[in-house]
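In: model this:
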Amino acid sequence: MSASPEVLFDESLPTLVKAIAAHLGPNVLEQGLIVRDSSGRLCFFSSEPSPSAELRVDIEKRIADVLGTYSRADSVIAFSDEPGVQRLLKDSAAFPMQQDSFTFRLLDRRIVGSAWIDRPQEVTAGPPRIVFASLKGGVGRSTALAVTASDLSRHNRNVLVFDLDLEAPGIGGMLLDDDRMPRLGTVDYLVENGLGGVPDRMLPNFIGTSNLTSPSGGRVDVVPALGRKAIEYPGNTLAKLSRAMIEDIDFSGVSVSVTAQITEMVRRFAGRDTYDVVLVDSRAGLSELAAPAILGLGATVLLFGTAQRQTIQGYAALFAALKLLAQRDRAAARPAEWRLLFKAVYAKAGLDESTAARFRDDLYDIFADNLYDADDIQEVNFDAISFDIDDEDSPHWPLIIPFNQNFVDFDPVRAPTQLNAAFYEQAFRPFLSGIDSIIASSGAAPDRSENN
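Out: Predicted coordinates:
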């Protein structure tokens, strides 16, 4: 029997699940583990001992025939009495899954994209962190961050800004002129830290203080993606970038993920001075570099998007991945309260209320289907996370930034008045009030300005 030509990646896992259930039984499927390797090929690890050699050959052939190229070449099934199987069956990184009436676990081995299956970080100690994230560029994410930093400093808050959009840097150039650009940036930190480490005495070389804020207010410090060295040696930028995005090996020989490196970097810089808020500009899209900011910092994550179909389609992919992480946490008796850290932002909003209402409904469907608990969930140890569709304090109810023609050519280094309150107040005040609420809910220091 030849393999069906229709078995592609999307069909491969359901095909294996049905085959295991048919040939070994649903209970064996539930107690075992499916492993998908880095190329996408599948293998089932059974908690049962090996059957007779004849039966095993027959079952393996039947399963390999229906899986085709998605069957692992050496063996599509391993049993509990074989070396290493018992250890693998206990791997806590496996996702609890369900397909039709079948329950099973999946261990997804990845080379690229592994950061998206790391356990999300809950809120951490220290100043509140807010990540500005989006699936697409051009939605005003970095502009909103620059305005937020300026407004917070105007209200006498000290702000630390990180540019983690390493492949398309922007926020550093928005908040720092050439004279204030530091010698090094986040790309340099990741490269140098992977070799010999970055000692504390070097940290000031990565920070520039913006002059685009009120002299009588708070301070805005910026760690750009690229510093002056990148301007002096532009030919090294791509070479450095390729090395900034790989795992490090520490002095004991243990590999350190990019997420762990970025988390430690943010912790070090945030702890070296008195900051009230940390703002992070994330890489757009679902690239490997977006995951550390979205999952690894214990931050409130603002998900920017316009009221367009492609926004909902893109976030459907992200939220489906988040759902798997939440299911894994709940299966391990963890509350997964990191789900409350996501907040939608309706960017470049128009004036049509019917469009806005449709977008809010679409956002609710995504949050409800993936991050909210079902109304009838029975939890002994944790409170269910669920919100009504019209709850304006819920994660799915978006902060709104209306479209404003004045921000099309936003360039505050060359036009500093664009970060004056009079310029941004009308367009951004509702959004900035939402930011204030996020900061207040974190227990951070209150607004210290005289006009508060």
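In: show me what the strand or helix carrying residue 145 is packed up against.
Out: Here residue 145 is covered by helix 141-154, with elements defined by DSSP states H and E. Judged by 3 or more CB pairs under 8 Å, 6 or more residues apart in numbering; DSSP states H and E, helix 141-154 is in contact with strand 129-134, strand 159-163, helix 171-175, strand 220-223, strand 277-281, strand 300-305, strand 342-349, helix 421-441. For every residue, glycine as well, the C-beta is placed using N, CA and C.
In: please identify the buried residues of that helix?
Out: Of the residues in helix 141-154, 141-154 count as buried by neighbour count, 16 or more other CB atoms under 10 Å.
In: as CSV, those residues with distance to residue 282 and pLDDT would be great.
Out: Output for those, formatted as CSV (distance: CB to CB, whole Å; pLDDT from 0 to 100):
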residue, distance to residue 282, pLDDT
141, 8, 95
142, 10, 95
143, 14, 95
144, 12, 96
145, 10, 97
146, 14, 95
147, 17, 96
148, 14, 97
149, 15, 96
150, 19, 94
151, 20, 94
152, 18, 95
153, 21, 94
154, 24, 92
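In: what comes into contact with the helix or strand bottoming out on mean pLDDT in the chain?
Out: Lowest on mean pLDDT, DSSP states H and E among the helices and strands of the chain sits strand 248-249, with a mean of 72. For strand 248-249, contacts defined as CB atoms under 8 Å, 6 or more residues apart in numbering pick out 193-194, 255-256, 261.
In: show the buried residues in those residues.
Out: Buried among those by 16+ other CB under 10 Å: 193-194, 261.
In: just to revisit the earlier point, closest one to residue 99 among the helices and strands packed on helix 141-154?
Out: For the helices and strands packed on helix 141-154, the distance to residue 99 is smallest for strand 342-349, at 26.0 Å, taking CB to CB.
In: right, and the helix or strand after the closest one?
Out: Next along the chain from strand 342-349, counting by DSSP H and E, comes helix 353-370.
In: and the helix or strand that comes right after that following helix, which strands flank it?
Out: Per DSSP H and E, helix 353-370 leads on to strand 399-402 as the next helix or strand towards the C-terminus. Sheet pairing for strand 399-402, assigned by DSSP bridges, gives strand 342-349 (parallel).
In: what's the nearest residue to residue 439 if we skip its chain neighbours?
Out: The shortest distance from residue 439 to any non-neighbouring residue, by CB to CB, 6 or more residues apart in numbering, is to residue 128 (5.5 Å).
In: and for residue 143?
Out: Nearest residue to residue 143, sequence neighbours excluded (CB to CB, 6+ apart): residue 410, at 5.0 Å.
In: tell me the SS of that neighbour?
Out: Three-state call for residue 410 (DSSP: H, G, I helix; E, B strand; the rest coil): coil.
In: neighbours of it, how many?
Out: 18 (other CB atoms under 10 Å).
In: just the pLDDT at it, thanks.
Out: We have a pLDDT of 91 for residue 410.
In: do the same with residue 110
Out: At residue 110, the model reports a pLDDT of 87.
In: how much space separates it from residue 36?
Out: 9 Å (CB to CB, to the nearest Å).
In: just residue 385 next, same as before
Out: 28 Å.
In: likewise residue 185?
Out: For residue 185 relative to residue 36 (CB to CB), the value is 36 Å.
In: okay, those two: which has more neighbours?
Out: residue 185 (29 against 20).
In: for the residue nearest the centre of the chain, give me its contacts.
Out: Residue closest to the average C-alpha location in the chain (CA atoms, centre = their mean): residue 294, at 2.5 Å. Residue 294 makes contact with 131, 133, 282, 301, according to CB under 8 Å, 6+ apart.
In: so for stretch 164-171, mean pLDDT?
Out: The pLDDT scores in stretch 164-171 average 90.
In: give the buried residues for it.
Out: 164-166, 169-171.
In: mind giving me TSV with the residues you listed and columns for distance to residue 47?
Out: TSV is the format used below for the buried residues of stretch 164-171 (distance: CB to CB, whole Å):
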residue	distance to residue 47
164	42
165	45
166	43
169	49
170	51
171	50
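In: from those residues, pick the one nearest residue 57.
Out: Distance to residue 57 across these (CB to CB) is lowest for residue 166, with 50.3 Å.
In: nearest residue to the closest one other than its sequence neighbours?
Out: The shortest distance from residue 166 to any non-neighbouring residue, by CB to CB, 6+ apart, is to residue 225 (5.1 Å).
In: surely residue 404 is in contact with residue 431?
Out: No. With contact defined as CB atoms under 8 Å, residue 404 and residue 431 do not form a contacting pair (11.5 Å).
In: ok, the residue of the chain most remote from its centre to residue 20 distance?
Out: In the chain, the greatest distance from the average C-alpha position (CA atoms, centre = their mean) is reached by residue 54, at 47.4 Å. Noted for residue 54: a distance of 19 Å to residue 20, by CB to CB.
In: also residue 332?
Out: Residue 332 is 24 Å from residue 20, by CB to CB.
In: just residue 109 next, same as before
Out: Distance, residue 109 to residue 20, using CB to CB: 18 Å.
In: same check, this time on residue 415
Out: Note on residue 415: its distance to residue 20, by CB to CB, is 63 Å.
In: then residue 283?
Out: According to CB to CB, residue 283 and residue 20 sit 38 Å apart.
In: and for residue 279?
Out: Applying CB to CB, the value for residue 279 to residue 20 is 48 Å.
In: so what's residue 26 closest to, chain neighbours aside?
Out: Nearest residue to residue 26, sequence neighbours excluded (CB to CB, 6+ apart): residue 102, at 5.9 Å.
In: number of residues surrounding the one you found?
Out: 15.
In: what's the answer for residue 374, then?
Out: When neighbours are counted by other CB under 10 Å, residue 374 registers 9.
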